[in-house]
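sequence-free structure coming up:
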């Protein structure tokens, strides 16, 4: 007798095939009109401007060669040095005695070898006071430091601090009436023998 194995007469274990119903075709979407390209305007060019020099009103007092304000014996405050073009600064020993002044400290710092000094001020008439003292130990007599300077068009030639002050470590003030018409007070310096030097600058408005 022959037996047939592995054959089944019913497909109970096989999944029934699924029949998919065709979906009706969707109508085509109308094409969207192309948007015109938009042009973003470029930002306007920026220009960098240097900060304006502040205008100093009232009495101007500048302490040459000093990085902090200085208060004199009358209570006047001198601003730290500013406005110089070129040169260097130096400070003398605090115990140095300076004749012809109540404020020795005003003459113990200086700016030397400069080309010019300037500051912005309102137009008008002023009295400029330029403070000098020969405190360099290498200068021991007349003719060893000689320079020229020009204050708003007024020329001072062959200026010798030692001669003007009557020796070393003595204060001397050169007083110059000036009129400012372009908003700027200016001094230019020229070396003849050794370097020009100055200790302080004062500018007093006149009525």
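Arrived safely, thanks for sending. Being a predicted model, the structure only gives us computed values, none of them experimental.

make it CA atoms for all contacts and neighbour counts henceforth
Noted.

Quick one: residues contacting the closest residue in space to residue 195 that isn't next to it in sequence.
Residue nearest to residue 195 in three dimensions, not counting chain neighbours: residue 113, with 4.8 Å by CA to CA, 6 or more residues apart in numbering. Counting by CA atoms under 8 Å, 6 or more residues apart in numbering, residue 113 touches 86-88, 191, 195-197.

Can you give me the neighbour number for residue 207?
6 (other CA atoms under 10 Å).

my guess is it meets residue 125, correct?
Yes - the pair residue 207 / residue 125 is scored as a contact, 7.4 Å apart, by CA atoms under 8 Å.

Could I get the phi/psi values of the residue nearest to residue 195?
Recorded main-chain torsions at residue 113 are phi 60, psi 30, according to degrees, to the nearest 10.

how near is it to residue 165?
For residue 113, the distance to residue 165 equals 20 Å [CA to CA, to the nearest Å].

Quick check: which ranges of this structure have low pLDDT?
Regions of the chain meeting the criterion pLDDT under 70 cover residues 1-53.

Point me to the helix or strand that includes the closest residue to residue 178 other than its chain neighbours.
Nearest non-adjacent residue to residue 178, counting by CA to CA, 6+ apart: residue 126, 5.4 Å away. Secondary structure from DSSP states H and E places residue 126 in strand 124-132.

residues near the nearest residue to residue 112 once chain neighbours are set aside, how many?
Closest residue to residue 112 apart from its sequence neighbours, by CA to CA, 6+ apart: residue 197 at 4.1 Å. Counted by other CA under 10 Å, the residues lying close to residue 197 total 25.

for residue 197, what are its contacts?
Contacts of residue 197 by CA under 8 Å, 6+ apart are 110-114, 132.

and if you look at residue 65?
80-81, 88-91, 109-111, 199.

Can you show me the helices along the chain?
In the chain, the helices defined using DSSP state H lie at 161-165.

which strand residues sit across from residue 62 in the sheet?
residue 79, residue 201 (DSSP bridges).

I'd assumed residue 82 was in contact with it.
Yes - using CA under 8 Å, residue 62 makes contact with residue 82 at a distance of 7.2 Å.

Strands of this protein, residue ranges please.
Counting by DSSP state E, the chain has strands at residues 60-63, 70-71, 77-80, 84-85, 88-91, 109-112, 116-120, 124-132, 146-151, 154-159, 172-180, 184-193, 197-198, 200-205.

Please compute how far the second one lies from its chain's middle.
What that stands for is strand 70-71. Distance of strand 70-71 from its chain centroid, counting by CA atoms, centre = their mean, to the nearest Å, is 23 Å.

Show me which residues of stretch 185-192 are buried.
For stretch 185-192, burial by neighbour count (16 or more other CA atoms under 10 Å) applies to 185-191.

Name the surrounding residues that touch it.
113-121, 145-152, 158, 196.

Just the buried ones from those?
Buried members of the contacts of stretch 185-192, counted by 16+ other CA under 10 Å: 113-117, 119-121, 145-149, 151-152, 158, 196.

Much appreciated, bye for now.
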